[in-house]
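Undergrad: Got a predicted model here, sequence first, then my questions.
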Amino acid sequence: MIPLVDLTRIHEPLRDEFSAAFSAIIGSSRYHLGPHTAAFETEFAQHEGAEHGVCCGSGSDALYLALRALDIGPGDCVVTVSNSFLATAESIARTGAQVLFAEPDPTNYTMDPADLVEVMRDSRAQRIKAVIPVHLYGHRADIRGIRAALRQTGNSAASVIGDAAQAHGSPGVGGETDITCYSFYPSKNLGAFGDGGIVLCRDPAVAARIRSLRNHGRSGKHNSRELGLNSRFDEIQAACLRVKLPHLHAWNEMRRALADGYRKRLADTEDLILPQDAPGHVYHLFAVGIRGGAKRRDHIAAQLHKAGVGVGFHYPVAVHQMSLYPAQRPLPITESLCESMISLPLFPGMREDELDTVAAALLEAL
């Protein structure tokens, strides 16, 4: 079986480095918010082009903390996309703000600035305090276009929060938005050995507030100034990520090479919509569109499984189709994408013969 992701090929060569780092932590008995966390916050912020980094318990918490730090709450609206993982919309709802959805660009699956203009022209536009574009599958969202849309509609004061949970290491992605949030879920381009996240930002006051909010809203050991949450980062995860960070660029280059390999093998196949390449694309996933709708997509996935090929669905149900997040307007592009996308195996260490097997099985299933 060729899995969708095989983390052992990343971790086995680093086993001795992990063991040494973890052994030192056991000897220190410092397990939360220690020296590894502080060092990683600085190292990752510099790597991603940001000034400040604050680690937290998960990527979902990172998004929520970012919104809280901007004083977003009941009565406010935040715009994101619906063809992504539900954590982005969930983080907005956790603050009490209303979730609004913009359509994605059908060529790259990220927020369409032109449709954002339409959302901004809605009667609730004056309540829109932030926009959260998702750098989906590793493809960078059009942040310049999004900022232009905000200016065009008189909403330039709205904050732009980048959801970079699938874009670790895309050059400069951490510094192009007001705040950028990442997840370190194990299968990410830079993944921990459990959950974790980080918020990157420019403003030291925002960073300081997030540091307080992640630790129960505390200001000193024995005082809490606002409701926060328990989202402390543990030293095991920080040490793991410090071992892995120097390898991120090479791993992303491997992902790009594998994506190019798929393109060569699957070119000129009319039944497939291949992902659009772009500068800075780091291919967290190689998601292809299957023409013919969800039934055909699901049939092809079943055929691939029979052929020993693992696949994924990212994401078969749009967030606005879930009970908790009803859409305020039709989202036909979103729904069409969610009915057609299938993710093929792609991970550092994947071999050329495995690419051959996956591509041949897919072409046969079509």
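TA: That came through, no problem.

Undergrad: give me every residue that touches residue 307.
TA: Each residue near residue 307 by CB atoms under 8 Å, 6 or more residues apart in numbering is listed here: 357, 361, 364, 365. All C-beta spots, glycine's among them, are computed from the backbone N, C-alpha and C.

Undergrad: Identify the spatial nearest neighbour of residue 207, chain neighbours not counted.
TA: residue 52 (3.8 Å; CB to CB, 6 or more residues apart in numbering).

Undergrad: For the longest helix along the chain, give the mean pLDDT please.
TA: If you go by DSSP state H, the chain has its longest helix at helix 248-266. Averaged over helix 248-266, pLDDT sits at 99.

Undergrad: Direction included, what does the helix or strand following it pair against?
TA: Downstream of helix 248-266, the first helix or strand assigned by DSSP states H and E is strand 272-273. Strand 272-273 pairs in its sheet with strand 286-290 (antiparallel), by DSSP bridges.

Undergrad: I'd like the distance from the partner strand to the chain centre, please.
TA: 17 Å (CA atoms, centre = their mean, to the nearest Å).

Undergrad: what do you get for stretch 57-72?
TA: The answer for stretch 57-72 is 14 Å, by CA atoms, centre = their mean.

Undergrad: Name the residues that touch it?
TA: By CB under 8 Å, 6+ apart, stretch 57-72 touches 54, 56, 78, 87-88, 90-92, 94-95, 97, 129-130, 132, 159, 161, 163, 165, 179, 181-185, 195-199, 201, 206, 209-210, 213-214, 229-233.

Undergrad: Separate out the buried members of these.
TA: Among these, those buried by neighbour count (16 or more other CB atoms under 10 Å) are 54, 56, 78, 87-88, 90-92, 94-95, 97, 129-130, 132, 159, 161, 163, 165, 179, 181-185, 195-199, 201, 206, 209-210, 213-214, 229, 231, 233.

Undergrad: Which of the residues you listed fall in helices?
TA: 87, 88, 90, 91, 92, 94, 206, 209, 210, 213.

Undergrad: roughly how far apart are the closest residue to the fourth one other than its chain neighbours and residue 152?
TA: For residue 91, ignoring the flanking residues on the chain, the nearest one in space by CB to CB, 6+ apart is residue 63 at 3.5 Å. Applying CB to CB, to the nearest Å, the value for residue 63 to residue 152 is 26 Å.

Undergrad: Neighbour count: these two, which is higher?
TA: Using other CB atoms under 10 Å as the criterion, residue 63 and residue 152 rank with residue 63 on top: 31 against 14.

Undergrad: sorry, back to before: now the strand or helix carrying the residue nearest to residue 91 against helix 87-94, angle please.
TA: In this assignment (DSSP H and E), residue 63 forms part of helix 59-69. Angle, helix 59-69 to helix 87-94, by axes from the mean of the first three to the mean of the last three CA atoms, to 10 degrees: 40 degrees.

Undergrad: how about the CA coordinates for helix 59-69, as PDB?
TA: Output of helix 59-69 as PDB, limited to C-alpha atoms (Å, rounded to 0.1, in the frame of the first residue of the first chain):
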ATOM      1  CA  GLY A  59      -3.500  25.600  14.900                       C
ATOM      2  CA  SER A  60      -7.200  26.100  15.900                       C
ATOM      3  CA  ASP A  61      -6.100  27.900  19.100                       C
ATOM      4  CA  ALA A  62      -3.700  30.000  17.000                       C
ATOM      5  CA  LEU A  63      -6.600  31.300  14.900                       C
ATOM      6  CA  TYR A  64      -8.800  31.900  17.900                       C
ATOM      7  CA  LEU A  65      -6.000  33.700  19.800                       C
ATOM      8  CA  ALA A  66      -5.300  35.900  16.800                       C
ATOM      9  CA  LEU A  67      -8.900  37.000  16.600                       C
ATOM     10  CA  ARG A  68      -9.100  37.600  20.400                       C
ATOM     11  CA  ALA A  69      -6.000  39.700  20.200                       C
END
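
Undergrad: Flag every buried residue along that helix.
TA: 59, 60, 61, 62, 63, 64, 65, 66, 67, 68, 69.

Undergrad: For the residue nearest to residue 207, give me the backbone phi and psi.
TA: phi -130, psi 140 (degrees, to the nearest 10).

Undergrad: so it touches residue 209, yeah?
TA: No - with contact defined as CB atoms under 8 Å, residue 52 does not count as touching residue 209 (11.1 Å).

Undergrad: in the stretch 151-300 of the chain, what spans have low per-residue confidence?
TA: Of all residues in the stretch 151-300 of the chain, none has pLDDT under 70.

Undergrad: Could you pull out the strands in it for me?
TA: Counting by DSSP state E, counting those that start in this stretch, the stretch 151-300 of the chain has strands at residues 159-163, 179-183, 197-201, 272-273, 286-290.

Undergrad: mind putting those in a markdown table, distance to residue 279 included?
TA: Shown next, in a markdown table, are the strands of the stretch 151-300 of the chain (distance: least, CB to CB, whole Å):
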| stretch | distance to residue 279 |
| --- | --- |
| strand 159-163 | 16 |
| strand 179-183 | 18 |
| strand 197-201 | 20 |
| strand 272-273 | 20 |
| strand 286-290 | 17 |
